[in-house]
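Participant: Just a sequence and a predicted model for now, questions to come.
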Amino acid sequence: MAAAVMAAANAARAGPRARGLRGSLPLVVILGATGTGKSKLALQLGQRLGGEIVSADSMQVYEGLNIITNKVSPQEQRLCQHHMISFVDPLVMNYTVVDFRNKATALIEDIFAQEKIPIVVGGTNYYIESLLWKVLINTKGKALHSSEEICKEEKVIDRKMELEKMDGFELHHRLSQVDPEMAAKLHPHDKRKVARSLQVFEETGISHSELLSRQHAEEGGGPLGGPLKFPNPCIFWLHADQAVLDQRLDKRVDEMIASGLLEELKEFHRRYNQEKVAENCQNYQHGIFQSIGFKEFHEYLISNDQCSPEASNLLLTKGPGPNVPPIYGLEVTDALKWDESVLGPALQIVGSFIQGKQPVAIPIRLQCDVTENKRSHHRCELCDRIIIGDREWAAHTKSKSHLHQLKKRRKLDPDAVATSTSQSHFPKPDERTP
């Protein structure tokens, strides 16, 4: 198998150098849940193809905090050029996906200009989408030159944060009045996105949904966004059996703790969050604080080592949908078959892209349920939650937490169970109980 991998690597690597055609080079994108080996494959492809790696992880952009954000080691970074890692101060609260897109897009264009292959690995799906499609509304404007423009930009940022301080349901109700289509897609608890949509309307006078609709209507656009930003994307989706991923995640958490995770968190906590605790104004909704670990370890950090920490969050895999470029699935369940099942096929597929040929491998084909309502609103009185979308509702009604609440309610009042879950609209501020 090693010989086959070497042959595939040689064939793929020869393409860009032999042909010298910038237009033929693919933008390689590697997707997958935590623990599938995305960084490993990116490093191997980068080494064998002479490419450069662009991280699309919203937490790895921050300096330091290497353990909790699971960055590749300095040794691995020396083996292949990595970008978009450790360049933002972790105390910065207003770094956005627009900032990421602008910097990463320029890097990708520069890598192409050197006749090298950019390898995007993530991470954060929204960040990856911003590199594949025209999907963002840029309200920050272009380069700022005068002090007046800089002050205006600061006010824009402050306005969004000001909106986020409002009650979630009130904020959502305000959005529903100016942009009902976008409001139907967002949960009142998702204050950051609701505030963003309101900010877009306030600054442009046009609803967020209308601006996105205009993008979709552009030539080459579609349901997922505007046209593709790069003409030859080669997308890999690494997947494995859930039981195997669970084991890998458990092992990873143990390794992170053994590597000094708690010490890393304590040090950063001393630098920033301790004074916020005294002021009772911790903010876990922006910047590095969204990383898995800070919220989960909060009680540990403020209790002087009296609590046992737990990190039980699982990252969800966002499967490919309709109207996207071909996505090639790579089975990573058996680590002993990595070269045979992952590296070899990946090299062959990239080689085909470089040569302008159709890969022998068949891309993933997922059926799209056209009857599925992604905007349906459901209220679960048992769990005191609002769920958006048919699929999410079905998953919730089968979840352990819901079934546990259902069991408790049946013991107390069997007749009330039948009416405890129902489809509903979002309540207006005056409809809610105090």
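Facilitator: Looks like it arrived, so ask away.
Participant: quick one, phi psi at the spatially closest residue to T69 that is not a sequence neighbour?
Facilitator: Ranked by Cβ to Cβ, 6 or more residues apart in numbering and with sequence neighbours excluded, the top spatial neighbour of T69 is M59, at 4.4 Å. (Glycine included, C-beta is placed from N, CA and C.) As for M59, its main-chain torsions (degrees, to the nearest 10) stand at phi -100, psi -30.
Participant: how much space is there between M59 and F268?
Facilitator: The gap separating M59 from F268 is 13 Å, by Cβ to Cβ, to the nearest Å.
Participant: Quick check: neighbours shared by the two?
Facilitator: Shared contacts of M59 and F268 (Cβ atoms under 8 Å, 6 or more residues apart in numbering): L65.
Participant: L245 - how many residues pack around it?
Facilitator: The tally of other residues near L245 (other Cβ atoms under 10 Å) stands at 21.
Participant: returning to what we had before: I'd assumed N66 was in contact with the residue nearest to T69.
Facilitator: No - here M59 lies out of contact with N66, judged by Cβ atoms under 8 Å, at a distance of 10.7 Å.
Participant: Settle it for me: which of these two has more neighbours?
Facilitator: Neighbours per residue, other Cβ under 10 Å: of M59 and N66, the larger number sits with M59, 21 against 18.
Participant: For E264, see how far away the more buried one is.
Facilitator: For M59 relative to E264 (Cβ to Cβ), the value is 13 Å.
Participant: So, low pLDDT: which residues of the stretch 201-350 of the chain?
Facilitator: Within the stretch 201-350 of the chain, the stretches with pLDDT under 70 are 220-225, 272-324.
Participant: Going along the chain, name the strands of it.
Facilitator: 233-239, 327-331 (DSSP state E, counting those that start in this stretch).
Participant: Compare these and report which one is nearest to T397.
Facilitator: Proximity to T397 (Cβ to Cβ) singles out strand 233-239 among those, at 25.3 Å.
Participant: Neighbouring strands of the closest one in the sheet, and parallel or not?
Facilitator: Strand pairing for strand 233-239, using DSSP bridges, gives strand 27-32 (parallel), strand 327-331 (parallel).
Participant: Next, the angle strand 27-32 makes with the next helix-or-strand element following the first one.
Facilitator: Same thing as strand 27-32. Downstream of strand 27-32, the next assigned helix or strand under DSSP states H and E is helix 38-49. If you take axes from the mean of the first three to the mean of the last three Cα atoms, to 10 degrees, helix 38-49 sits at 150 degrees to strand 27-32.
Participant: by contact count, what packs against helix 38-49?
Facilitator: If contacts are counted by 3 or more Cβ pairs under 8 Å, 6 or more residues apart in numbering; DSSP states H and E, helix 38-49 sits against helix 2-19, strand 27-32, strand 52-55, helix 74-79, strand 118-121, strand 233-239, helix 344-354.
Participant: let's go with 6 Å and repeat that
Facilitator: Applying 3 or more Cβ pairs under 6 Å, 6 or more residues apart in numbering; DSSP states H and E, one finds that helix 38-49 makes contact with helix 2-19, strand 27-32, strand 118-121.
Participant: between the ones you listed, which gets the lowest average pLDDT?
Facilitator: Lowest mean pLDDT within those: helix 2-19, a mean of 58.
Participant: who are the neighbours in contact with the closest residue to V28 other than its chain neighbours?
Facilitator: In space, V28 comes closest to I119 once its chain neighbours are excluded; the distance is 4.5 Å by Cβ to Cβ, 6+ apart. Counting by Cβ atoms under 6 Å, 6 or more residues apart in numbering, I119 makes contact with V28, A42, L45, G46, G51, I53.
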